[in-house]
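J.: I would like the atomic coordinates for the input below:
(one chain, ligands or ions: 1)
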Amino acid sequence: MGPIAIVSISVAVLLIVLLVVFYTWVLRRNRSRGRPGVISGSRLTCPKCGQSFDYDYIPGASLTSVRLGTSRYMSCPLCHKWSVFDLGTPSPVGPPPH
Ligand SMILES: [Zn+2]
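T.: From the prediction side, this is the model:
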């Protein structure tokens, strides 16, 4: 392995490290903004208490709910009862109708 190979490997490693640092920086920056692009918003209605609430979730990552395809088994933030919520038709989160 000559010096050119060592230099190009070092540059490649440096680029990967920069990419990872940039990626985590963008994620952290997005997260602190309140409504980042990686998080989808859904208007869900609880089948137990009938009240609707805005639910922000990160696709593929959640610690407080169980994924069931497009449905999610989680506890209602209003009545705290566990039920299945359908996330198949996410609606854009806007201001309340009233
Ligand atoms: Zn409820």
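
J.: what helix or strand is the nearest residue to residue 77 once chain neighbours are set aside on?
T.: The spatial neighbour of residue 77 that comes closest, neighbours along the chain excluded (CB to CB, 6 or more residues apart in numbering), is residue 53 at 5.9 Å. Heads up, the C-betas are built off the backbone N, CA and C, glycines and all. Following DSSP states H and E, the helix or strand that holds residue 53 is strand 52-57.

J.: Over to residue 6?
T.: Secondary structure here is read from DSSP H and E; on that basis residue 6 sits in helix 3-31.

J.: Flag every buried residue along that helix.
T.: Residues of helix 3-31 include none that count as buried (16 or more other CB atoms under 10 Å).

J.: Give me every residue in this structure lying close to the ion.
T.: By the criterion of CB under 5 Å from the ion, the positions of the chain lying close to the ion are 46, 48-49, 76, 78-79.

J.: Repeat the analysis, applying 8 Å as the threshold.
T.: Taking CB under 8 Å from the ion as the contact definition, the chain meets the ion at 46-51, 76-81, 83.
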